[in-house]
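J.: sequence below, structure please.
(one chain, ligands or ions: 2)
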Amino acid sequence: MASRTEALRNVALIGHGHSGKTALVGAMLRATGGKASGKSPETFDAANCEPEERERKHTLVARVHRIEREGVVIQAIDTPGHPDFIGEAIASMCAADIACLVVSATSPLPYHARQLWERAGNAGLARAIVVTHLDHDGVDFEAFVGQLRESLGHKVAPLTYPVTTGHGFAAVRDVLTHHSPRADRFHDWIEEDEAEVDDEVLSHYLEKGHLDPQEFDRCLVPAMARGLLVPLFAVEPANGCGVDALLRFLANHAPSPAAFGPRRFGLPGTAAGADAPFVGQVFKVVVDPYVGRLAHLRCIQGTLRHGQSLVCQRTGTSFLASHLLRGNGKDAVVAHEATAGELVALAKIEHLHVGDVIAAGVADCRVPPLVFPTPSYTRHVWPKSRADESKIGAALEKLCVEDPTLCTRRDTETGELLVEGMSPLHVEVQLQRMHRRWQVAVESGPPTIAYRETIAAPAQGHHRHKKQTGGRGQFAEVFARVRPQQRGDGFVFVDAVVGGSVPRQFVPEVEKGARRFLQRGALAAFPVVDLAYELYDGKYHDVDSDQLSFQIAGERAFHEAFLAARPVLLEPIMSLVVNVPERCTGDVAASLSGIRGRLLGMSVESGVQRIEAEAPLASLLDYATQLRSMTAGEGAFSMLYARHEPVPAPIQAEVVRNRQASLHPAAHAEVSRQDAASA
Ligand SMILES: Nc1nc2c(ncn2[C@@H]2O[C@H](COP(=O)(O)OP(=O)(O)OP(=O)(O)O)[C@@H](O)[C@H]2O)c(=O)[nH]1
Ligand SMILES: [Mg+2]
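T.: Ligands and ions are numbered 1, 2, ... in the order given. Predicted coordinates for the structure are as follows:
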């Protein structure tokens, strides 16, 4: 009898948006007597159940659905196909043994689906393809399969095929049981792929020109597990056509977690068996306002029992598995134990993150870390009301724990609270979710660019501070020079006073005043950097000079020198890596000049064009959207801060004007009014 692990099939459904993944889960549940009342993903009650999903008719979070058939449990993970939510698909793949790429026969394979396909292969998963939308008129199944074999490799071979496509698509044939010229041709393709499993099989195949039926059956699982064979299935989720053959294949021939063993996860042993010490990996975290935090994990080896003591390998923290749950769609039931390969959830464990490895004790394991794309779109957020102010930090943190492609931070230069995500849609959905779940309402806008001020030439400045108001007066006089420093050298204070014209005890006060000026700048109230301030002369008064007077004189002399030293604004320049389909290379490279960008290099890797460039952050705030429209949603980019560089003069004037308007709206309005009147 098969063990519990051998009776599991962990299937990640991946693919582009609207390809039919959620509809397919619904069809599989209906075919096996599971809960799926509605036929379309909008009405099927276990799917797309969050309001944000229903509004946009897209799956936005991954969900595990348990589908039981003749003693086999298929744990199907339905993932979002929208490129902005790729993080959910990436994490789900680490919980699966087989990735089913769901593709629509009505359009060529989109770049995003290709990316997911390659990630599944790199993660060592077996791969299969499900073709949907074969009921559309004009679809040519053979030609479509030919295209897939062309772009994904000749290991793609149909296991089922439609009798007819278009309106009349109502039946499929199973290549394993049916005989016809078409079935035989596909059968030959499969044999050819299987023959590569090992030398013995290959020599039999070469000798006889085919495999024995037993050999054929025996080699199906290893050929898939090693990526030598990619079976393809024809399906129509709405009428259930082809679904039974797909389920039969998954149950009888798809690799179970035992086919790979813990080795795929970098563990030393080969046995995933119930007696091995427990190791698992978190593939999803949900923070629910009612249930609290739920960490979904895949058991990699051994058995996880209720009440067991576990250690998080990242932090070394121990905790008890006191609430063990088994998820199914939007529901969960209490579980008492889970064996290798099972997907379960631990409730109320506060510190677990996506990708964390947990084990019974400290384990010798090198489970590969999950790599997510870095966020490339930033918004400045602020609370709508006082009440929201105290809750915003905690609520944002909960969202970021759930979504590894979202992060939040306070900008140290501008002081703004920032939310960084994959695109405007991604950030908007997350803020909407924050409002719904945690009742925290925020406003958002583009972030303030962290400009800096510096000088381009040396200059001198002087200030005499004198006040006589009754009693003791105030007196200090300072002469200073400023000169530019290398970029990145910061601020240097030089004491060049000779002959005690500024007494020793007041020199640090002049520096204090100078440093105060650094904070507030003179061009547009941005911090001042990369210059030297030399105090070379001054005057004092025996009675009236004090610390404050020298601070004021030091700061104002700086101001005067700074304005005379050709002040310039520096802006952050970012290093960009843009990945786009090859056909978009020309457009994307040409568009760099429109964002004041500089092309640094280009290379092609498996059909993906990688463009390296630099551009100012100020012109990248909306780049996620621009790139989407240039590449039909298929381009992606990441950026890293490189350095600050001077802003071109006309842009500097505009930045200064806008900054004055935002800092002193009333004064700006008055100036504009006078300008208009004089015009
Ligand atoms: N005619 C036809 N419609 C289909 C087929 N497969 C799916 N659909 C429909 O296509 C629409 C999108 O299907 P979904 O299952 O939501 O697509 P998805 O892949 O889950 O999309 P995301 O959640 O955005 O990733 C739904 O209205 C389905 O009913 C098919 O084979 N034929
Ligand atoms: Mg979906």
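J.: tell me which element the closest residue to ligand 1 within the stretch 351-500 of the chain falls in.
T.: Nearest residue of the stretch 351-500 of the chain to ligand 1: L425, at 11.9 Å (C-beta to the nearest ligand atom). All C-beta spots, glycine's among them, are computed from the backbone N, C-alpha and C. For L425, the host element (DSSP states H and E) is helix 424-438.
J.: mind giving me the packing neighbours of that helix?
T.: Secondary-structure packing of helix 424-438 (3 or more C-beta pairs under 8 Å, 6 or more residues apart in numbering; DSSP states H and E): helix 51-56, strand 377-383, helix 392-402, strand 417-421, strand 442-445.
J.: the residue lying closest to R63 once chain neighbours are set aside: neighbour count?
T.: Distance criterion C-beta to C-beta, 6 or more residues apart in numbering; nearest residue to R63, sequence neighbours excluded, is D78 at 5.3 Å. Using other C-beta atoms under 10 Å, D78 has 29 neighbouring residues.
J.: phi and psi next, for D78.
T.: For D78, the backbone dihedrals are phi -80, psi 120 (criterion: degrees, to the nearest 10).
J.: begin at 3 from now on, thanks
T.: Right, with 3 as the first residue, what we last looked at is D80.
J.: isn't it right up against T61?
T.: Yes - in this structure, D80 is within contact of T61 by C-beta atoms under 8 Å, at 6.0 Å.
J.: roughly how far apart are N12 and R266?
T.: As defined by C-beta to C-beta, to the nearest Å, N12 lies at a distance of 11 Å from R266.
J.: pLDDT below threshold where in the stretch 203-352 of the chain?
T.: Residues of the stretch 203-352 of the chain that meet the criterion pLDDT under 70 lie in 265, 270-276.
J.: what ranges does it have for its helices?
T.: 215-227, 245-255, 259-262 (DSSP state H, counting those that start in this stretch).
J.: beta-bridge partners for the residue nearest to R65, please?
T.: Beta-bridge partners for D80, by DSSP bridges, are L15, R65.
J.: quick one, what contacts it?
T.: 15, 23-24, 27, 49, 61, 64-65, 67 (C-beta atoms under 8 Å, 6 or more residues apart in numbering).
J.: quick one: least confident of those?
T.: Looking at the contacts of D80 by pLDDT, the weakest one is A49, with 77.
J.: my guess is that residue contacts P82, does it?
T.: No - using C-beta under 8 Å, A49 is not in contact with P82, being 11.5 Å away.
J.: show me the common contact partners of the two, please.
T.: Here A49 and P82 share the contacting residues T61, scored by C-beta under 8 Å, 6+ apart.
J.: so which of the contacts of D80 are also by ligand 2?
T.: Contacts with ligand 2 within these, as defined by C-beta under 5 Å from the ion: 23-24, 61.
J.: could you list which of these also contact ligand 1?
T.: When C-beta under 6 Å from any ligand atom is applied, the members of the ones next to ligand 2 among the contacts of D80 adjacent to ligand 1 are 23-24, 61.
J.: out of the helices and strands packed on helix 426-440, which gets nearest to ligand 2?
T.: Minimum separation from ligand 2 across the helices and strands packed on helix 426-440 (C-beta to the ion) falls at helix 53-58, 8.1 Å.
J.: quick check: phi and psi at the residue nearest the centre of the chain.
T.: Central residue of the chain (C-alpha atoms, centre = their mean): T407, 2.8 Å from the mean position. Main-chain dihedrals, T407, degrees, to the nearest 10: phi -100, psi 10.
J.: isn't it up against H428?
T.: Yes - shown here, T407 and H428 form a contact pair, counting by C-beta under 8 Å, at 7.3 Å.
J.: nearest residue to G540 other than its sequence neighbours?
T.: G540's closest residue in space is V504 (C-beta to C-beta, 6+ apart), at 3.9 Å.
J.: strands of the stretch 103-252 of the chain, start to end?
T.: Along the stretch 103-252 of the chain, the segments classed as strands by DSSP state E, counting those that start in this stretch run 128-134, 158-160, 162-164, 174-176, 232-236.
J.: cool, the stretch 403-552 of the chain as well?
T.: 409-412, 419-423, 444-447, 454-457, 461-469, 476-486, 493-497, 533-541.
J.: and for the fourth one, what are the contacting residues?
T.: Around strand 454-457, the neighbours that count as contacts under C-beta under 8 Å, 6+ apart are 415, 484-486, 523-526, 528-533, 564, 567-572, 646.
J.: near ligand 1, which residues of the stretch 53-202 of the chain show up?
T.: By C-beta under 6 Å from any ligand atom, the residues of the stretch 53-202 of the chain that approach ligand 1 are 60-61, 82-84, 104, 134-135, 137.
J.: who in this structure is up against ligand 1?
T.: Checking the chain against ligand 1 by C-beta under 6 Å from any ligand atom, the hits are 17, 19-25, 42-43, 60-61, 82-84, 104, 134-135, 137, 238-240.
J.: report pLDDT for the nearest residue to the residue of the stretch 353-502 of the chain closest to ligand 1 once chain neighbours are set aside.
T.: Once flanking residues are discounted, L427 sits nearest to D86: 5.3 Å by C-beta to C-beta, 6+ apart. Note on D86: pLDDT of 90.
J.: how many neighbouring residues does D86 have?
T.: Neighbours of D86 under the rule other C-beta under 10 Å: 24.
J.: and I79, by the same measure?
T.: I79: 28 neighbours (other C-beta under 10 Å).
J.: hmm, back to that, got the helices and strands packed on helix 426-440 as a markdown table, with mean pLDDT columns?
T.: Output for these, formatted as a markdown table (pLDDT from 0 to 100):
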| stretch | mean pLDDT |
| --- | --- |
| helix 53-58 | 89 |
| strand 379-385 | 94 |
| helix 394-404 | 94 |
| strand 419-423 | 96 |
| strand 444-447 | 95 |
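J.: what's the closest of the ones you listed to P224?
T.: helix 394-404 (36.9 Å; C-beta to C-beta).
J.: quick one: distance of the closest one to the chain centre.
T.: Centroid separation for helix 394-404 versus its chain: 15 Å, with C-alpha atoms, centre = their mean, to the nearest Å.
J.: and the angle from the longest strand that the chain contains to strand 476-486?
T.: If each strand of the chain is counted by residues according to DSSP state E, the longest one is strand 569-583. On the basis of axes from the mean of the first three to the mean of the last three C-alpha atoms, to 10 degrees, strand 569-583 is oriented at 40 degrees to strand 476-486.
J.: and strand 569-583, what's buried?
T.: Buried residues in strand 569-583, counted by 16 or more other C-beta atoms under 10 Å: 569-576, 578-583.
J.: next one: stretch 341-358
T.: In stretch 341-358, counting by 16+ other C-beta under 10 Å, buried: 341-349, 351, 354-358.
J.: before we move on, what about stretch 622-637?
T.: For stretch 622-637, a neighbour-count test (16+ other C-beta under 10 Å) marks 622, 625-626, 628-630, 632-633, 635-637 as buried.
J.: now do the shared contacts for D80 and T61.
T.: 23-24, 49.
J.: and whatever residue of the stretch 503-652 of the chain ends up closest to ligand 1, what element?
T.: Using C-beta to the nearest ligand atom, the closest approach of the stretch 503-652 of the chain to ligand 1 is made by G635 at 11.8 Å. If you go by DSSP H and E, G635 is not part of any helix or strand.
J.: cool, the one 4 residues further on as well?
T.: When elements are assigned from DSSP H and E, F639 belongs to strand 638-648.
J.: what angle separates whichever helix or strand comes after that strand from strand 638-648?
T.: Following strand 638-648 in sequence order, the next helix or strand is helix 651-665 (DSSP H and E). Interaxial angle of helix 651-665 relative to strand 638-648 (the same axes, to 10 degrees): 100 degrees.
J.: what packs against helix 651-665?
T.: If contacts are counted by 3+ C-beta pairs under 8 Å, 6+ apart, helix 651-665 sits against strand 569-583, helix 667-680.
J.: out of the ones you listed, name the one with the poorest average pLDDT.
T.: helix 667-680 - the lowest mean pLDDT of the helices and strands packed on helix 651-665, at a mean of 63.
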